[in-house]
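# pasting the sequence and the predicted model now:
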Amino acid sequence: MRPWLRAHLKRYRLPYLTGIALTFVVSGLNLVSPLISGTIVDRVIVGGEKGLLWGLLGLMIGAIVAKSLIRYGYQMLFEHVSQDTIRACREELFAKLQRMDFGYYDRTKTGDLMAHMTGDIDAIRHFIAWVVYQCLENGVVFLAAVAALFFVNWKLTLVMLAVTPFIARSTIGLSKEVKPTFSAIREQFSRLNSVVQENIAGNRVVRALAREDYEIGKFQAENEAFRQRNVESAAVWAKYIPPIEFFSGLLPVMLILAGGVMIIRGELTIGQLVTFNGLVWAINQPLRMAGWLVNDIQRYGAASDRLDRLYRLESVLDERPGAVSPAAVKGRVEFRHVSFSYGDERVLEDLSFVAESGQTIGILGPTGSGKSSIGRLLCRFYDRTSGEILLDGVDVRDYDLDCLRAQVGVTMQDVFLFSDTIEGNMAFGRPEASLEEVLRASELANAHEFAKELPEGYDTIIGERGVGLSGGQRQRVALARLLLKAPPVMILDDTTSAVDIETEERIQESIKALRGRHTMFIIAHRLSSIMHADQILVIKGGRIVERGTHEELRRLGGYYEDVFRHQTGAGALAPSEPARAEGAARG
Ligand SMILES: Nc1ncnc2c1ncn2[C@@H]1O[C@H](COP(=O)(O)OP(=O)(O)OP(=O)(O)O)[C@@H](O)[C@H]1O
Ligand SMILES: [Mg+2]
């Protein structure tokens, strides 16, 4: 048993052991009826001791009632223990997923994680609640029946046990072959899950590009493979279960044959045959169950292997011992010769710059040049490959992670909103904020004007379960979210790319008002967002190729100046927008 499972079960040791003890009692009670039936036949019916009848019948009925009650009791105990255990496992794994780094999520499919949290966990529950007691109950019933029968007539018992080696052979074969098929089923299940999950997440793209048939085809292929894996697994037990069923089915035949011969020879009484007949199921059923239980144990084994891997995951970002967590930082940021790659691909190369506390740093560069990656390193979503990233002179890796992220906030380029109210989304980073504070942040982000117009204002639910927002509206909700938290260092990644020029100007005014109190990184393609910055970095191919203020960079006449001319239509380098449109219309 896995250590994590053992640790949880330990907490329920008392109810679990009680449940196990009760299965033993029930197994013992199972023997009462057949033994008494035999006695009734031999002593009451054949022997004529009528006075014994009522007492014996009373015992039988008492045993049946006790058995039903106790069985109910232990099934409830097992159910509770198993549900409590897997609830705790789920909680632990969910908490673990909260701590995992971005790199892990880059590599891991959502469908896979969903399968862990549902199917695999359920296999564990099934094992604790059902497989364990079935194994014990069947094992004890079998051994108790064999012992009782030995006591009644050892020769006949030996005859009946002659089938067990054949059954054992099939059970062992099944156990060996079936486990890999469960792993295969489970992997295919993950794939199927992933296809469905991605399709649902991307259903708008699918519709937009009219790729429904392609998606259906992709799904059909995975679905068919899933069916195939299940059929293959079934084929394994189809190979082993029939022999098991056959040999266990032989038992009653052997009993009647051998028992009959022994009665004729006077070696066995009719009552003893009745007892044997009453207990033949107690040998038969455990032998038949053995195959299925092995099946279930292997399924549990495969699931617990996978969960074990999940349990062993370590975030590569775990904090160093002695991590610092200052209440507030001044917000001086320094990159010293920082290089970074996501895998083999170098994304940032020898980056050095300083952002003094309260400064605004603009970052500009072609798409894919590494701008967002700078922000991700500063928030420590990833760790730099070499160099140093300092916040107030302390390496970001020396901060407590929660503390670091309380000091450095980011609005991400791909805004994610929860299916929650507007207010809930804005207050996600500071749930204790008052409504006034939310409204103020919303006004700063220029979100108030549209938010108040929504059907239920700030209580309107957005996202999957509610109304949709436009791209620019989503960006403003995300900006309000950050401004409400207002950490000392803020990174605005492409935050105003989808809003119109007037709204952007108003947002710029709000942001300018924060100058001096917050260190700000503004990543943008539109120069109007960054031209007022204290320092502008131009990133190309992961390197800083130009740096300075707006005027300095214009004078430099490089990439920045190019972009400036394109965007303002100034100078001869690029024709103005109307002129270009005219040209296109003429051409
Ligand atoms: N999670 C990731 N795993 C692997 N490579 C990545 C990952 N994220 C980004 N990259 C790569 O890193 C490079 C820089 O990405 P980054 O997001 O920093 O660009 P960017 O400058 O922000 O671009 P844009 O202006 O389009 O937002 C790109 O070439 C991209 O392919
Ligand atoms: Mg980016």
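Yes, it's here. Numbers count the residues shown, from 1 in each chain. Ligands and ions are numbered 1, 2, ... in the order given.

# need the residues of the stretch 401-550 of the chain near ligand 2, please.
Proximity of the stretch 401-550 of the chain to ligand 2, by CB under 5 Å from the ion, involves residues Gln413. Quick note: C-beta positions are derived from backbone N, CA and C, even for glycine.

# OK, contacts around the residue most central in space within the chain?
When CA atoms, centre = their mean is applied to the chain, the residue found nearest the centroid is Leu113 (3.6 Å). By CB atoms under 8 Å, 6 or more residues apart in numbering, the contact set of Leu113 is Leu97.

# quick check: buried residues in the host helix or strand of it?
Assessed by DSSP states H and E, Leu113 sits inside helix 110-115. If you call a residue buried by 16 or more other CB atoms under 10 Å, then helix 110-115 has these buried ones: Gly111, Asp112, Leu113, Met114, Ala115.

# ditto for stretch 172-179
Going by neighbour count (16+ other CB under 10 Å), the buried part of stretch 172-179 is Gly173, Leu174, Ser175, Glu177, Val178, Lys179.

# do stretch 58-77 as well
Applying 16+ other CB under 10 Å to stretch 58-77 flags Met60, Ala63, Lys67, Ile70, Arg71, Tyr74, Gln75, Leu77 as buried.

# surely the third one meets Ser27?
What it means is Lys67. No - using CB atoms under 8 Å, Lys67 makes no contact with Ser27, being 9.6 Å away.

# and the furthest pair within the buried residues of stretch 172-179?
Gly173 and Lys179 (12.0 Å; CB to CB).

# helix/strand/coil for the nearest residue to Pro243 once chain neighbours are set aside?
In space, and not counting its chain neighbours, Pro243 is closest to Ser170: 4.7 Å by CB to CB, 6 or more residues apart in numbering. Counting by DSSP: H, G, I helix; E, B strand; the rest coil, the backbone at Ser170 sits in helix.

# so Val338: helix, strand or coil?
Going by three-state DSSP: Val338 is strand.

# contact residues of the chain facing ligand 2?
So the chain meets ligand 2 at Ser372, Gln413 (CB under 5 Å from the ion).

# can you pull out the low-pLDDT segments for the chain?
464-466, 570-587 (pLDDT under 70).

# spell out which parts of it neighbour ligand 1.
Asp106, Tyr342, Val347, Gly365, Thr367, Gly368, Ser369, Gly370, Lys371, Ser372, Ser373, Gln413 (CB under 6 Å from any ligand atom).

# please redo it, this time with the cut-off set to 8 Å
Applying CB under 8 Å from any ligand atom, one finds that the chain approaches ligand 1 through 102-103, 106, 342-343, 345, 347-348, 365-374, 376, 413, 493-494, 523, 525, 539, 542.

# drop anything exposed from these.
102-103, 347-348, 365, 369-374, 376, 413, 493-494, 523, 539, 542.

# quick revisit: which of the residues of the chain next to ligand 1 fall within strands?
Val347, Leu348, Asp493, Ile523, Ile539 (DSSP state E).

# dump those to TSV, plus distance to Tyr12.
Listed next are these as TSV, based on distance: CB to CB, whole Å:
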residue	distance to Tyr12
Val347	49
Leu348	51
Asp493	48
Ile523	52
Ile539	56
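
# ok, so of those residues, who is nearest Gln359?
Ile523 (14.9 Å).

# and the helices in the stretch 151-300 of the chain?
Secondary structure of the stretch 151-300 of the chain (DSSP state H, counting those that start in this stretch): helices located at 154-161, 164-201, 203-208, 212-264, 270-312.

# packing partners of the longest one?
With contacts taken as 3 or more CB pairs under 8 Å, 6 or more residues apart in numbering; DSSP states H and E, helix 212-264 sits against helix 154-161, helix 164-201, helix 270-312.

# quick check: angle from it to helix 164-201?
Here the directions of helix 212-264 and helix 164-201 differ by 160 degrees (axes from the mean of the first three to the mean of the last three CA atoms, to 10 degrees).

# mind checking how far helix 212-264 is from the chain centre?
Taking the mean of its C-alpha atoms, helix 212-264 sits 32 Å from the chain's own mean (CA atoms, centre = their mean, to the nearest Å).

# rewinding a little: tell me which of the helices and strands packed on helix 212-264 lies nearest to Trp54.
helix 270-312 (18.0 Å).

# direction-wise, compare the closest one with helix 154-161 and give the angle.
40 degrees.

# and the gap between the residue of the chain found nearest ligand 2 and Met520?
Closest residue of the chain to ligand 2, CB to the ion: Ser372 (3.1 Å). Here the criterion is CB to CB, to the nearest Å. By it, Ser372 lies 15 Å from Met520.

# over to Thr157?
From Thr157 to Met520 the distance is 86 Å (CB to CB).

# so these two - more neighbours on which side?
Shown here are Thr157 and Met520; by other CB atoms under 10 Å, Met520 has more neighbours (22 against 19).

# what is the host helix or strand of the more buried one packed up against?
Using DSSP H and E, Met520 falls within strand 519-523. Packing partners of strand 519-523 (3+ CB pairs under 8 Å, 6+ apart): strand 360-364, helix 371-378, strand 489-493.

# residue contacts, Gly260?
So Gly260 contacts nothing (CB under 8 Å, 6+ apart).

# now Met412
Applying CB under 8 Å, 6+ apart, the residues near Met412 are Ala478, Asp493.

# which residues in the stretch 351-500 of the chain form strands?
According to DSSP state E, counting those that start in this stretch, the stretch 351-500 of the chain carries its strands in the segments 360-364, 386-391, 394-395, 408-411, 489-493.

# now those in TSV, with distance to Ser419?
Shown next, in TSV, are those (distance: least, CB to CB, whole Å):
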stretch	distance to Ser419
strand 360-364	32
strand 386-391	34
strand 394-395	38
strand 408-411	19
strand 489-493	23
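
# looking at those strands, which is nearest to Val41?
strand 408-411 (83.3 Å).
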